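In: curious how this folds, go ahead:
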Amino acid sequence: MFKNLTVVDHPLVQAKLTIMRQKDTKPPEFRRLLREISVLLAYEVTRDTKLTMARIETPITFMDAPVPAEKDPCIVSILRAGNGILDGMLDLLPTARVGHIGLYRDPISLAAVEYYFKLPQDVSERHVIVVDPMLATGNSSVAAVSRLLEVNPLSIKFVCLVAAPEGVKAMLDSHPQIPVFAAALDSHLNDHSYIVPGLGDAGDRLYGTR
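Out: Residues are numbered from 1 along each chain as shown. Below is the predicted model of the structure:
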């Protein structure tokens with residue numbers, strides 16, 4: 001449906017997501033499942049990591065073995081819900097650098113308003129993975145990617161848990177060069193810009209704030 005969208009349909013991802021969708025799933029389990037899914041998403045999004053060969057010594061002998069050819073990636077979390085994916089990705093990529101972008105959605109215009117922006121100083125020398133559980137209208141995601149393009153990283157990828165077609169279209173219309181990875185592409189947005197069937201507000205469900 002969308003040229004630059006990858007839906008990670010691994011059975012474990014889909015089974016865990018089903019539990020997350022259920023309205024009676026409590027915040028501790030919701031957080032745990034998102035963290036577990038995020039490890040699997042990180043595995044997929046880093047599939048094209050470039051390698052080079054380095055001389056190492058095993059307990060038996062010397063050999064040439066593959067190691068990363070570039071600096072560790074930078075994972076950029078769109079606050080606050082993005083931290084739920086960040087934690088899982090850091091389990092797989094513990095030496096990755098971390099950045100944060102604080103954005104909130106204006107309740108009237110639905111436009112993204114930035115209130116925080118902090119990145120590693122050498123982000124221009126790293127690949128960036130932007131994370132946010134929900135790609136709904138796409139306004140926040142488009143704004144975050146636009147902001148990151150200003151610092152000129154080596155590349156940018158966007159990773160979410162659940163996407164709506166409207167959000168994917170908005171992202172790829174604004175940034176067609178940015179690969180989007182999601183665990184699910186849902187049906188549509190409702191009148192309140194929530195993803196249907198979705199799983200509700202990811203931030204509230206992560207932190208028990210509603």
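In: from here on, just use CA atoms for contacts and neighbour counts.
Out: Fine.
In: all helices for the chain, in order.
Out: 11-21, 27-45, 82-92, 139-149, 165-174, 202-207 (DSSP state H).
In: return the most buried member of those.
Out: With neighbours defined as mean count of other CA atoms under 10 Å, these peak in mean count at helix 82-92, which reaches a mean of 22.
In: need the residues that contact that helix.
Out: The list of residues contacting helix 82-92 from outside it, by CA atoms under 8 Å, 6 or more residues apart in numbering, reads 31, 34-39, 41-43, 75-77, 96, 131-133, 206.
In: low pLDDT regions in this structure?
Out: Across the chain, the ranges flagged by pLDDT under 70 are 110.
In: one more time with 90, if that's ok
Out: For the chain, applying pLDDT under 90 flags the ranges 1-3, 80, 103-114, 139, 192-193, 203, 208-210.
In: residues in contact with residue 192?
Out: Listed by CA under 8 Å, 6+ apart, residue 192 has no contact partners.
In: how far away is it from residue 47?
Out: Relative to residue 47, residue 192 is positioned 36 Å away (CA to CA, to the nearest Å).
In: what of residue 177?
Out: For residue 177, the distance to residue 47 (CA to CA) stands at 17 Å.
In: before we move on, what about residue 179?
Out: The gap separating residue 179 from residue 47 is 13 Å, by CA to CA.
In: now residue 203: closest residue in space, sequence neighbours ignored.
Out: Distance criterion CA to CA, 6 or more residues apart in numbering; nearest residue to residue 203, sequence neighbours excluded, is residue 81 at 4.6 Å.
In: meant to ask about residue 43, not that
Out: What sits nearest to residue 43 in space, not counting adjacent residues and going by CA to CA, 6+ apart, is residue 92, at 7.7 Å.
In: next: residue 13.
Out: residue 37 (5.6 Å).
In: ok, residue 16 next?
Out: Of all residues not flanking residue 16 in the chain, residue 33 sits nearest, at 6.2 Å (CA to CA, 6+ apart).
In: from residue 206, how far out is the one you found?
Out: Residue 33 is 10 Å from residue 206, by CA to CA.
In: residues shared between the contacts of these two?
Out: Counting by CA under 8 Å, 6+ apart, nothing touches both residue 33 and residue 206.
In: which residues sit against stretch 46-59?
Out: For stretch 46-59, contacts defined as CA under 8 Å, 6+ apart pick out 62-70.
In: need the residues you listed in JSON lines with distance to residue 24, can you?
Out: Below are the contacts of stretch 46-59 laid out as JSON lines (distance: CA to CA, whole Å):
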{"residue": "62", "distance to residue 24": "54"}
{"residue": "63", "distance to residue 24": "52"}
{"residue": "64", "distance to residue 24": "51"}
{"residue": "65", "distance to residue 24": "47"}
{"residue": "66", "distance to residue 24": "45"}
{"residue": "67", "distance to residue 24": "44"}
{"residue": "68", "distance to residue 24": "42"}
{"residue": "69", "distance to residue 24": "45"}
{"residue": "70", "distance to residue 24": "43"}
